[in-house]
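1. give me a 3D structure for the following:
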Amino acid sequence: MQRTDSVAMLKTVGVQRLKQLHALGIDTVEDLMTYFPRDYEDRREEKGIAELTAGQSNTFVAKVLAAPEVFHYQKKTVIRARVGDEDGQVTCVWFGMTYLKNSLKVGEDYLFTGRYEVKYGKKQVLSPSFEMASKKDPLASGHILPIYPATHGLSQKILRKLIYQALEETKNQFPDLLPKKIREQYHLCEKNYALQNIHFPEDEEGFLLARQRLVFEELYLLQLALFSMKEETMKGRSGIRLSPQPGRQEAEAQMPFSLTQAQRKVLGQIEEDFVSGRVMNRLVQGDVGSGKTAVAMIVSYEAIQNGYQAALMAPTEVLASQHAKTFSEVLGPLGVRVGFLRGTMKKREKEALLAGIASGEVDMIIGTHAVIQSGVAFSALALVITDEQHRFGVKQRVRLSQKGQDPHVLVMTATPIPRTLALILYGDLDISVMDALPTGRQQVDTLVVTSAYHERVYGFLKRQMDAGRQVYVVCPSVEESEKRQTESVMQYGTYLAQEVFAAYRVGLLHGKMKPAQKEEIMVAFARGEIQMLVATTVIEVGVNVPNATVMVVENAEYFGLSQLHQLRGRVGRGTEKSYCVLISDAKNPEAKERLKTMKATSDGFRIAEMDLHLRGPGDFFGTRQHGLPPLKIANLYRDMEILTQAQQAARQTLQHKDELSKEQWQALEQWQKTAFTATDVGI
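-> Coordinates of the predicted model:
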């Protein structure tokens, strides 16, 4: 059997099982073998009940002494079963799994594995897995047992058997993509050994060697692809030389505030790129309110002063509209002609704007995805800017840059990412960090309260609006859901508008509305015609209403830390004292820790670190949105040291390309084909 064969070639894989495997993203034998465990149970030692170790997972054989009982405690369903052996007895406890009542037979011996605790003098094993002792799984008993992610109807036992079969039938087939010199330098084990021991470890050492090897390879290939892309992007391209003078002084004089040192530092880096003779590919990463837009305006004006055009692409029409207004107000008096290109334009209006862009009459073009449509042609494009890059795929950014003859590329994001981790997402870009807020930006006070405080919160909102201020109320969903009891914009917003704040002007905003409706609501809020805006996270990105002083987030536990930080950044943009109120009844320790972090700090980079730590890289990055594949085994928080080594190795490999075999280059090319896919993100 070949590793590239379909999993349908495996014994016991029929039509139904094939569907179940496809649902997990498993199509080939190689997919199956790289479907890595999420956890492990050590079943090498079976203990008697008298030997169980408190605070640890234990494996033991015991007889079910009485029929399992079902209890209801604090809205939870609890199943208890009394089991015992010749040395003692213990209670097994499960939560919410009522079907277990009929799964355990009185008088039958079972093999249990679970965490043993002694609480208030009671001995219990929490949520143990179990199987009949007479039908032990030979792959599980006496071994370190792999536990796999959600299995879409496939039992752990079946999945283990399929993976074991695949490993047996493809023994030593996997070519080692890592150069021998790299393996020796970083003390990495062989690939086939790693695959065997990541699924069925011989011992702790075998597992650790296997994981280190596979994590290193995953990060190495990704970094090699990114660095290679950057090298390829720059090959044979000469950048448009742009002189920063006198554009910078004129544009800076138009700003309503003095630039921070962080802004000046980033401007200096961009201007070095402008005069270098090479094409700029730079990411500007700045916290909410750090002044990225001001930098974008200044460098756009510098390009325009040199006789060229500049273009900016934003993910939503609301944000693009705001940018168009701001650029017009600041650069308009300097003679810059700003065009706003959007999908909802009337045909005649759009045709006139496209003609102006093509002829060079329009200097600064701002828009949504409409900017990268085939019908948009530029006269002399020298600078392209992508705002809120995390909402776009890599290919969308590339398509924008292809609108000109090797224009300079500036990418902006308000999602703080630790610098080393940013190299994973933006390894083909140089990185600039803006880590200071402009003078006058308010420190937002953050409060965390339960729903019992609603009346007091409502009173506070009324006082703010009576004083002429505006407020946001954010809900996690558009409509009510049976799956989770959360506040929704439609139902809760209507209640607030009709019952609690009937004397105030309340508006509703969510992603299911048509673009024109959203635009109308946001414009009305920006003008002060709406006092309270009840919305989903559609207002998370870029909306600027200086008069808004309070952000209330309902069911705050449903939001990630970085998302809460973005929402908080919508207030504190004016001169008045501002507040963020997070409302949550969550009992989950992780959710409580997130909210505690929000209250303790406003440092976006510290928040990003905590978010990554608590939720993991998959949730934090949403890698599909970046056009990157999800990492199968690497954890970017835990594996920082391996990441650093993989980056060093990737650079070393590119410097000595002759060490790569033809097959290794083919693997790299395959990475680039599959890894950098554009993903349309629903806004």
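
2. report the contact partners of R115.
-> R115 makes contacts with G55, Q56, S57, N58, V125, L126, S127, P128, as judged by Cβ atoms under 8 Å, 6 or more residues apart in numbering. In short, each C-beta sits where N, CA and C put it, glycine included.

3. show me what contacts the last one?
-> Applying Cβ under 8 Å, 6+ apart, one finds that P128 lies in contact with C92, W94, F112, T113, G114, R115.

4. and of those, the nearest to Q531?
-> Using Cβ to Cβ, W94 comes nearest to Q531 of the contacts of P128, at 49.9 Å.

5. tell me where the longest helix sits in this protein.
-> Longest helix in the chain by number of residues (criterion: DSSP state H): helix 204-234.

6. neighbours around the closest residue to G528 other than its chain neighbours, how many?
-> Leaving aside its chain neighbours, G528 sits nearest to N547 (6.2 Å; criterion: Cβ to Cβ, 6 or more residues apart in numbering). By other Cβ atoms under 10 Å, 18 other residues sit near N547.

7. likewise for S451?
-> Using other Cβ under 10 Å: S451 sits among 12 other residues.

8. across the sheet, point out what pairs with R80.
-> E69, V93 (DSSP bridges).

9. so who does Q309 touch?
-> Q309 makes contact with 303, 357, 360, 362-365, 378-383, 404, according to Cβ under 8 Å, 6+ apart.

10. I meant to write K105 there.
-> V64.

11. so it, which of the three states?
-> The local conformation at K105, judged by DSSP: H, G, I helix; E, B strand; the rest coil, is coil.

12. so what's it scoring on pLDDT?
-> On the pLDDT scale, K105 is placed at 92.

13. cool, and K230?
-> In this model, K230 carries a pLDDT of 67.

14. swap in S155?
-> pLDDT, read off for S155, is 83.

15. re earlier: may I ask which two of the contacts of P128 are separated the most?
-> That would be W94 and T113, which, of the contacts of P128, are the farthest apart (Cβ to Cβ) at 13.2 Å.

16. so how many other residues sit close to Q124?
-> 17.

17. report the buried residues of the strand or helix carrying it.
-> Using DSSP states H and E, Q124 maps to strand 122-132. Buried positions in strand 122-132, judged by neighbour count with 16 or more other Cβ atoms under 10 Å: Q124, V125, P128, S129, F130.

18. likewise stretch 190-202?
-> Across stretch 190-202, burial judged by 16+ other Cβ under 10 Å covers K191, N192, A194, L195, Q196, N197, I198, H199, F200, P201.

19. of all the buried residues of strand 122-132, which comes closest to E108?
-> F130 (10.3 Å).

20. mind listing what the closest one touches?
-> F130 neighbours (Cβ under 8 Å, 6+ apart): C92, L104, Y110, L111, F112, T113.

21. likewise R573?
-> Going by Cβ under 8 Å, 6+ apart, R573 touches G289, R441, Q442, N544, V545, P546, A548.

22. gap between it and Q470?
-> 11 Å (Cβ to Cβ, to the nearest Å).

23. anything in contact with each of those two?
-> Residues touching both R573 and Q470 (Cβ under 8 Å, 6+ apart) are V545, A548.

24. following the lowest-mean-pLDDT helix or strand in the chain, which helix or strand shows up next?
-> Here the helix or strand of the chain ranked lowest by mean pLDDT, DSSP states H and E is helix 623-626, holding a mean of 41. Counting by DSSP H and E, the element after helix 623-626 in chain order, helix or strand, is helix 640-655.

25. elements contacting that following helix?
-> Judged by 3 or more Cβ pairs under 8 Å, 6 or more residues apart in numbering; DSSP states H and E, the packing partners of helix 640-655 are helix 180-185, helix 204-234, helix 419-425.

26. contacts for the shortest one, please.
-> So the one you mean is helix 180-185. Around helix 180-185, the neighbours that count as contacts under Cβ under 8 Å, 6+ apart are D176, L188, E190, Y220, A649, Q652, T653, E659.

27. next one: stretch 356-365
-> Outside stretch 356-365, the residues that reach it (Cβ under 8 Å, 6+ apart) are 300, 304, 309-312, 327, 331, 336-339, 341, 353, 355, 371, 376-380.

28. just stretch 162-178 next, same as before
-> Outside stretch 162-178, the residues touching it (Cβ under 8 Å, 6+ apart) are 1-3, 7, 10-13, 21, 29, 32-33, 35, 139, 146, 183, 188, 190-192, 195-196, 199-200, 216-217, 220-221, 663-664, 667.

29. can you give me the buried ones in it?
-> Buried residues in stretch 162-178, counted by 16+ other Cβ under 10 Å: 162-167, 169-170, 173-174, 176-178.

30. save those residues as JSON lines, and put in pLDDT too.
-> Formatted as JSON lines, the buried residues of stretch 162-178 follow (pLDDT from 0 to 100):
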{"residue": "L162", "pLDDT": "92"}
{"residue": "I163", "pLDDT": "92"}
{"residue": "Y164", "pLDDT": "91"}
{"residue": "Q165", "pLDDT": "91"}
{"residue": "A166", "pLDDT": "91"}
{"residue": "L167", "pLDDT": "90"}
{"residue": "E169", "pLDDT": "88"}
{"residue": "T170", "pLDDT": "87"}
{"residue": "Q173", "pLDDT": "79"}
{"residue": "F174", "pLDDT": "81"}
{"residue": "D176", "pLDDT": "82"}
{"residue": "L177", "pLDDT": "80"}
{"residue": "L178", "pLDDT": "86"}
